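1. pasting the sequence and the predicted model now:
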Amino acid sequence: MITQDDVRKIADLSRLALRDGEAEAFGAQLNSILTYVQQMNALDTSAIEPTSHVIPLQNIVREDVVRASLPREAALQNAPDATDLFYRVPKIIE
Amino acid sequence: MHITSAFPEPIVKLNELSIAELRRLLDNREVSAQDVLNDIMGRIDAVEDRVGAYVTVTRDAARAMAERADSALAARRAGLLTGIPLAIKDNICTMGIRTTCSSKILYNFVPPYESSVTSRFAEHGYVLTGKTNLDEFAMGSSTENSAFQTTRNPWNLECVPGGSSGGSAAAVAANECIAALGSDTGGSIRQPAALCGVVGLKPTYGRVSRYGLVAFASSLDQIGPITKNVTDAALMLNVIAGHDPLDSTSAPVEVPDYASFLGKEVRGLRIGIPKEYFIDGMHQEIDHSVRSAIRQLESLGAVPVEVSLPHTAYAVATYYILATSEASSNLARYDGVKYGFRAKGKDLVDMYMQTRAEGFGPEVKRRIMLGTYALSAGYYDAYYKKGQQVRTLIKQDFDKVFEDVDVIATPTTPSPAFRVGEKATDPLEMYLSDIFTISVNLAGVPAISLPCGFTGGNLPIGLQIIGRSFDEATILQAAYAFEQSTSWHTRRPLL
């Protein structure tokens, strides 16, 4: 069972501020989903390899040659706050 | 008595035609790309306020693209899609055109780059009609989770169009575009296609580049076509399939000409009927229509074979652990710094937390928290690793069945379109509406949904045909044979 304290901890890890009543509401919903998910435990998977991807993936390498990339101006165009050169964020160090 | 008007209306309107039909008219110069676009825009003006399929209608871009298409047609340089008006799901990046994922957190995001699928469409001369509505970040099965609007089902405006590609499916069904692109992580192309009475194809994982598709669950997401008929699905797949150096998970597997499989007979084709998909208590009209469809395929010479996919019952549970875990990681990038919405906060971390609290809707938050929990210390083995192991079992079920049969036929959905609001308060109930489509994503195999009947209330019913990995050709062949021997695909909603 997930408690409301657990929900607060998960929300914090998820960087989500909770509003009044949300810890309770999300807690109830997450418990209902996790109870449903528990049915996986009926299966013995001790000898089963996990699948992270259905197709075999290989590292892809190329020559280390400089190629055109997104221009700085384009990379910054969507920022809520930016200078000509950088993203701007609230002050971190006093 | 025969009455002839001085200015006879054309019998069929251009917006009602398919890609294949318009290709012929455009190439023969019987109509211009601008004629086709004007008819589509007229249709959008007439029905869009009731359907709500589009987040953005791109009138200016469309007009410029139609003019270029007419120049190409005049110069006899037409590509496969020259002059064809297509709609794109709003989680696929279009350079210079707002791409929102139907989320407040990306309400003003204008991509500085183009997705690979729309780049290919552009090379082939398409005309972009607009960006279609979805459940926020493709998380949902009804399109009710959009931050902007609820899309309605063109067959019954009180009902949902399905989701998450509900805007694309509704736009195709309502003739607000000729065809569309969707994305499918757990059924998000096939389920809305079934509920809106159109064709939806989820290609094999790795068949189509995901470059420029906003990531939800990277090991499951796949882009595919939503069309009026099977021929158009094959034509669209011809354009978008194939390896892309910009997506390292796109597979270097040869792409056949999918259109060349249409019309091949299905005599001797072995069709697996998984008993786990035909269960007591399922919707009777769906059960009846899908069984009739299988008999129809049998009458064309196909051979039905009862098979078993024993781990079907675990698919929804497995999916909601794996997809949410991947989502919790993928959506960490929305922090109010690089793009999109930013809220005020008293310091950097508080700014992140307030931005995400205000920018995401409740379903997205629920999934981020579920995934964060499943990946957190102490729970990783019990949930995430367990889910990956069950995924192996589900994939093995398909591998085993495909040793014996060529395709698998099932219902696409357990029920027809449900009413707006009906499942909105119970997340788990909503998740279960994807029960017949989710296994396919976990196994990575391709599947198509096509119309196979209607309920007494005139709501469409979808038949799902699942194929072997990278064998879209055989499911298109089987789907085309069924479609051409029935008339379901010719029905259109009255709007």
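-> Arrived safely, thanks for sending.

2. now the helices for chain A?
-> In chain A, the helices defined using DSSP state H lie at A:4-13, A:22-37, A:72-76.

3. by contact count, what packs against the last one?
-> In terms of contacts (3 or more C-beta pairs under 8 Å, 6 or more residues apart in numbering or on different chains; DSSP states H and E), helix A:72-76 is not packed against any helix or strand. For every residue, glycine as well, the C-beta is placed using N, CA and C.

4. centroid-nearest residue for chain A?
-> Centroid check for chain A by C-alpha atoms, centre = their mean gives residue A:14 as the closest residue, at 7.2 Å.

5. can you list phi and psi of that one for me?
-> phi -80, psi 0 (degrees, to the nearest 10).

6. return the residues in contact with it.
-> Residue A:14 is in contact with B:328, B:356, B:365, B:368-369, B:372, counting by C-beta atoms under 8 Å, 6 or more residues apart in numbering or on different chains.

7. now stretch A:68-83: buried residues?
-> Of the residues in stretch A:68-83, A:75-76, A:78-80, A:82 count as buried by neighbour count, 16 or more other C-beta atoms under 10 Å in any protein chain shown.

8. ok so, going back, give me the subset of the contacts of residue A:14 lying in strands.
-> Among these, no member falls in strands (DSSP state E).

9. pull out the buried members of those residues.
-> Among the contacts of residue A:14, the ones that count as buried (16+ other C-beta under 10 Å) are B:328, B:356, B:365, B:368-369, B:372.

10. re the thing from before, will you turn the helices of chain A into TSV that also has mean pLDDT?
-> Shown next, in TSV, are the helices of chain A (pLDDT from 0 to 100):
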stretch	mean pLDDT
helix A:4-13	97
helix A:22-37	95
helix A:72-76	95
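
11. state the number of residues packed around residue A:17.
-> By other C-beta atoms under 10 Å in any protein chain shown, 17 other residues sit near residue A:17.

12. and residue B:452, what element?
-> strand B:447-454 (DSSP states H and E).

13. let's see the next helix-or-strand element following that strand as CSV, backbone CA atoms only.
-> As assigned by DSSP H and E, the chain's next helix or strand after strand B:447-454 is strand B:460-467. Provided in CSV are the C-alpha atoms of strand B:460-467 (Å, rounded to 0.1, in the frame of the first residue of the first chain):
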residue,chain,number,x,y,z
PRO,B,460,-18.0,1.1,-36.1
ILE,B,461,-16.3,-2.2,-35.1
GLY,B,462,-12.7,-2.9,-35.9
LEU,B,463,-10.9,-6.1,-36.9
GLN,B,464,-7.3,-6.4,-35.9
ILE,B,465,-4.9,-8.4,-38.0
ILE,B,466,-1.4,-9.0,-36.5
GLY,B,467,1.7,-10.1,-38.4
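
14. related to what we said a few turns ago, which members of the buried ones among the contacts of residue A:14 additionally contact chain A?
-> The overlap between the buried ones among the contacts of residue A:14 and the neighbours of chain A (C-beta under 8 Å from any C-beta of the partner chain) comes to B:328, B:356, B:365, B:368-369, B:372.

15. which of those residues fall within helices?
-> B:328, B:356, B:365, B:368-369, B:372.

16. turn the residues you listed into JSON lines, including pLDDT.
-> Shown next, in JSON lines, are those (pLDDT from 0 to 100):
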{"residue": "B:328", "pLDDT": "98"}
{"residue": "B:356", "pLDDT": "98"}
{"residue": "B:365", "pLDDT": "98"}
{"residue": "B:368", "pLDDT": "98"}
{"residue": "B:369", "pLDDT": "98"}
{"residue": "B:372", "pLDDT": "97"}
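
17. any regions of the stretch 101-250 of chain B where pLDDT drops low?
-> Applying pLDDT under 70 to the stretch 101-250 of chain B flags no residue at all.

18. for it, what lies in contact range of chain A?
-> With C-beta under 8 Å from any C-beta as the criterion, the stretch 101-250 of chain B meets chain A at residues B:108-110, B:112-113, B:205-206, B:219, B:248-249.

19. 6 Å instead, please
-> B:109, B:112, B:205-206, B:219, B:248 (C-beta under 6 Å from any C-beta of the partner chain).

20. about what we covered before: quick one: which two of the buried residues of stretch A:68-83 are the most distant?
-> Largest separation among those by C-beta to C-beta: A:75 and A:80, giving 13.9 Å.

21. what residues do these two have in common as contacts?
-> By C-beta atoms under 6 Å, 6 or more residues apart in numbering or on different chains, residue A:75 and residue A:80 have no common neighbours.

22. closest to chain A out of the residues of the stretch 101-250 of chain B next to chain A?
-> Proximity of those to chain A (C-beta to the nearest C-beta) peaks at residue B:112, which lies at 3.7 Å.

23. in chain B, spot the helix with the most residues.
-> Of all the segments of type helix in chain B, defined by DSSP H, the longest one is helix B:33-51.

24. in that helix, what's buried?
-> B:33-41, B:43-44, B:47-48, B:51.

25. how about the helices in the stretch 101-250 of chain B?
-> Remark: helices assigned in the stretch 101-250 of chain B by DSSP state H, counting those that start in this stretch are B:116-123, B:166-173, B:190-196, B:230-240.

26. how about the stretch 251-400 of chain B?
-> B:284-299, B:315-330, B:348-359, B:362-375, B:386-401.

27. now do the last one, average pLDDT.
-> Taken as a whole, helix B:386-401 has an average pLDDT of 98.

28. separation between the residue nearest the centre of chain B and chain A?
-> The centroid of chain B falls nearest to residue B:189 when counting by C-alpha atoms, centre = their mean (2.2 Å). Residue B:189 is 17 Å from chain A, where distance means C-beta to the nearest C-beta, to the nearest Å.

29. check contacts around that residue.
-> B:165, B:182, B:200, B:202, B:224 are the contacts of residue B:189 under C-beta under 6 Å, 6+ apart.

30. wait, the fourth one touches residue B:445, no?
-> No. Using C-beta atoms under 6 Å, residue B:202 makes no contact with residue B:445, being 8.9 Å away.

31. neighbour count: the two, which is higher?
-> residue B:202 (32 against 26).

32. quick one: is stretch A:40-50 near chain B?
-> Yes. Against chain B, stretch A:40-50 shows contacts by C-beta under 6 Å from any C-beta at A:40, A:45, A:48-50.

33. now pLDDT too, for these, in CSV please.
-> Conversion of the residues of stretch A:40-50 next to chain B to CSV gives the following (pLDDT from 0 to 100):
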residue, pLDDT
A:40, 96
A:45, 97
A:48, 97
A:49, 96
A:50, 96
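
34. can you pull the contacts of residue A:49?
-> Per C-beta under 6 Å, 6+ apart, neighbours of residue A:49: residue B:392.
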